[in-house]
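>>> test case, fold it:
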Amino acid sequence: MNTPVSGHIRPFSSELSTLTRILDALLIWLCLRVLCKLYPIDPAQSNAYQYLSIISVALYLLVANFRSVYRSARLEGYFQIAQKIIGSWSIVFFLLIALAFLTKSSDIFSRVIISSWLILTPVLLIAERLVIFFILRFLRAQGSNARTYIVFGNEENAALLDRKISQTPWTGLVHSGTTENYKELIAQIGEKHIDYVFITNAENNPETTRKAIAGLSDSTASVYIVPQLFLHNTFDAGWVTLGNTPMITVIDHPFYGSHWLLKKLEDLILGSIIFLLTLPLTLLIAIAIKLGSKGPVLFKQRRYGLNGEVIHVLKFRTMKTLDDGAVVVQASKDDPRITSLGRFLRKTSLDELPQFWNVLQGAMSIVGPRPHAIAHNEEYRQLIEGYMLRHKVKPGITGWAQVNGFRGETETLDKMQSRVEYDLFYINNWTLTFDLKIIGLTILKGFINKSAY
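Numbers count the residues shown, from 1 in each chain. Have a look, this model is predicted:
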């Protein structure tokens with residue numbers, strides 16, 4: 001007899017899906033209803049709006065179901081869900097336009113109401129799903145709504161997969177066993193209530209894998225093949241589709257679609273605010289540099305930016321020399337090249353303020369791997385594996401390595417290796433909240449550092 005894993009919501013999974021559909025239908029209808037109240041319409045046309053809402057609800061539920069919007073999102077991220085919602089509503093939008101064209105009924109409706117409704121509805125649908133998403137994740141992290149899984153593969157791969165799953169407690173996945181034996185796998189499926197089977201040795205055992213999939217088709221477990229490359233790859237592989245051909249991305253950047261838009265908005269909005277707030281201080285520092293020593297106020301150094309393209313990073317001049325050749329000596333403690341004002345600016349990171357202009361230009365981000373002089377890049381790319389992967393994203397004014405103490409001179413290879421590891425961790429685990437955390441840590445402890453000379 002199958003014994004389901006404990007969890008308060010587990011028996012009601014189908015009801016949750018139904019509830020979500022009902023909420024979506026209500027939001028679509030209610031949004032149009034409220035807008036009709038805010039912008040009064042001719043009573044004779046009220047039926048037309050009612051028919052529109054009914055047709056739209058039916059179309060959206062049909063399209064959303066086809067696009068798997070109501071499928072369990074346990075193993076999906078929120079942005080994947082949001083993209084599905086936007087895609088589904090976009091299809092409904094074009095279907096409504098086509099219907100209005102064919103029936104010649106577009107003149108009946110208020111353009112203000114319809115435009116507002118078409119824009120607000122997906123926003124409300126995404127907000128609603130966000131609330132459900134986080135409530136379920138919270139409950140799963142507390143042990144409710146759990147699901148069991150078995151790993152079909154060797155112990156090493158199982159341990160790697162378990163480690164990755166343990167880093168995502170909000171999925172509510174509970175490990176129920178590991179086996180390399182096909183008969184034992186089928187036996188466990190029959191004895192326990194297993195929700196997921198993760199196959200991790202498919203590449204090495206294609207015949208066994210086909211046999212396992214055939215046997216598992218007689219159960220209700222969801223079956224996933226986890227390529228070993230995903231488990232062992234340092235740089236977080238992922239899936240892409242070229243036409244109908246699925247491929248594995250081994251090395252790439254995290255900023256696609258909505259992620260790119262979020263990162264861009266973060267840089268533009270926060271960058272503009274910080275630039276304006278610090279502008280008076282920036283002007284005072286510029287005057288002090290001009291009066292304190294001979295030479296330009298700003299130092300433009302060539303560094304590698306996104307995709308290894310050369311950019312000119314701005315800094316306040318803090319040295320008596322402007323080194324930017326084939327050999328660039330890193331600043332060290334009591335470096336005679338540093339001016340008295342420059343020492344203070346470097347210690348407090350105020351010499352980096354002009355880089356907010358680089359951010360607004362689009363050459364840099366507020367958060368990202370710190371760019372190094374080209375001479376240093378050419379040196380370390382030969383010594384550290386994966387060094388140039390730092391340039392799969394825009395360089396930043398601050399970064400995960402910097403708030404963890406890796407700033408200033410890197411007099412040993414190990415220090416630079418550690419800095420690169422922190423940078424790659426940031427790239428592989430980027431989220432908007434991660435960026436905000438780094439910015440917060442920079443404000444709290446990142447400006448003044450004993451390693452900044």
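>>> mind splitting this structure into its structural domains?
According to automatic domain parsing, the chain comprises the domains 10-141, 147-232, 258-446.
>>> quick one: low-confidence residue ranges for the stretch 51-200 of the chain.
For the stretch 51-200 of the chain, applying pLDDT under 70 flags the ranges 72-78, 143, 145.
>>> can we see that at 80?
The model of the stretch 51-200 of the chain has pLDDT under 80 over residues 68, 71-80, 105-107, 133-134, 136-146, 164, 166-172, 190, 192.
>>> and the strands in it?
Remark: strands assigned in the stretch 51-200 of the chain by DSSP state E, counting those that start in this stretch are 147-152, 173-179, 196-199.
>>> so can I have CSV of the domains of the chain showing mean neighbour count?
Placement of C-beta: from N, CA and C, glycine included. What follows is the domains of the chain, written out as CSV (neighbours: other C-beta atoms under 10 Å):
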stretch, mean neighbour count
domain 10-141, 15
domain 147-232, 17
domain 258-446, 17
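>>> okay if I get the strands of the stretch 51-200 of the chain as JSON lines plus distance to Q80?
As requested, the strands of the stretch 51-200 of the chain are exported to JSON lines (distance: least, C-beta to C-beta, whole Å):
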{"stretch": "strand 147-152", "distance to Q80": "18"}
{"stretch": "strand 173-179", "distance to Q80": "17"}
{"stretch": "strand 196-199", "distance to Q80": "18"}
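>>> who wins for proximity to L298 among the ones you listed?
Nearest to L298 among those is strand 173-179; the distance by C-beta to C-beta comes to 52.6 Å.
>>> P169 and R140 touch, don't they?
Yes. Between P169 and R140 there is a contact at 7.2 Å, judged by C-beta atoms under 8 Å.
>>> longest helix in the chain, by number of residues?
helix 258-292 (DSSP state H).
>>> what packs against that one?
Counting contacts by 3 or more C-beta pairs under 8 Å, 6 or more residues apart in numbering; DSSP states H and E, helix 258-292 is packed against helix 78-103, strand 310-316, helix 340-348, helix 355-361, strand 365-367, helix 432-441.
>>> got the CA coordinates for the helix or strand following that helix in CSV?
Sequence-wise, the next helix or strand downstream of helix 258-292 (DSSP states H and E) is strand 298-304. Written as CSV, here are the backbone C-alpha positions of strand 298-304 (Å, rounded to 0.1, in the frame of the first residue of the first chain):
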residue,chain,number,x,y,z
LEU,A,298,39.8,62.0,-14.1
PHE,A,299,41.9,58.9,-15.0
LYS,A,300,40.6,56.9,-17.9
GLN,A,301,41.9,53.3,-17.9
ARG,A,302,41.3,50.7,-20.6
ARG,A,303,39.7,47.6,-19.2
TYR,A,304,37.7,44.7,-20.5
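>>> that's a strand at V223, yeah?
Yes. V223: assigned to a strand according to DSSP: H, G, I helix; E, B strand; the rest coil.
>>> beta partners for it?
Going by DSSP bridges, V223 is paired in beta bridges with V197.
>>> got a pLDDT number for it?
Listed pLDDT for V223 reads 86.
>>> contacts only, for it.
196-197, 199, 213, 216 (C-beta atoms under 8 Å, 6 or more residues apart in numbering).
>>> a markdown table please, covering those and showing distance to D24.
Below are those laid out as a markdown table (distance: C-beta to C-beta, whole Å):
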| residue | distance to D24 |
| --- | --- |
| Y196 | 27 |
| V197 | 31 |
| I199 | 34 |
| I213 | 34 |
| L216 | 33 |
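>>> you'd agree L27 is up against L125?
Yes. Using C-beta under 8 Å, L27 is in contact with L125, at 6.0 Å.
>>> so who does the nearest residue to R381 once chain neighbours are set aside touch?
Take R381 and drop its neighbours on the chain: the residue closest to it by C-beta to C-beta, 6 or more residues apart in numbering is Y387, 4.6 Å away. Taking C-beta under 8 Å, 6+ apart, we find Y387 in contact with 377, 380-381, 420.
>>> I figured V92 was touching V63, is that so?
Yes. Using C-beta under 8 Å, V92 is in contact with V63, at 5.9 Å.
>>> stretch 96-110: how far from the chain's middle?
Relative to its chain's centre, stretch 96-110 lies at 39 Å (C-alpha atoms, centre = their mean, to the nearest Å).
>>> pull the residues that contact that stretch.
Stretch 96-110 has contacts (C-beta under 8 Å, 6+ apart) with 39, 41, 45, 48-49, 52, 55-56, 59.
>>> so of those, which two are at opposite extremes in space?
Across these, no pair lies farther apart than Y39 and L59, at 23.2 Å, counting by C-beta to C-beta.
>>> contacting residues for F356?
So F356 contacts 271, 274-275, 278, 366, 397 (C-beta under 8 Å, 6+ apart).
>>> just flag the most distant two among those.
The largest separation in those, counting by C-beta to C-beta, is between T278 and I366 at 12.5 Å.
>>> which among the contacts of F356 gets closest to E207?
E207 has its nearest neighbour among the contacts of F356 in I366, at 51.8 Å by C-beta to C-beta.
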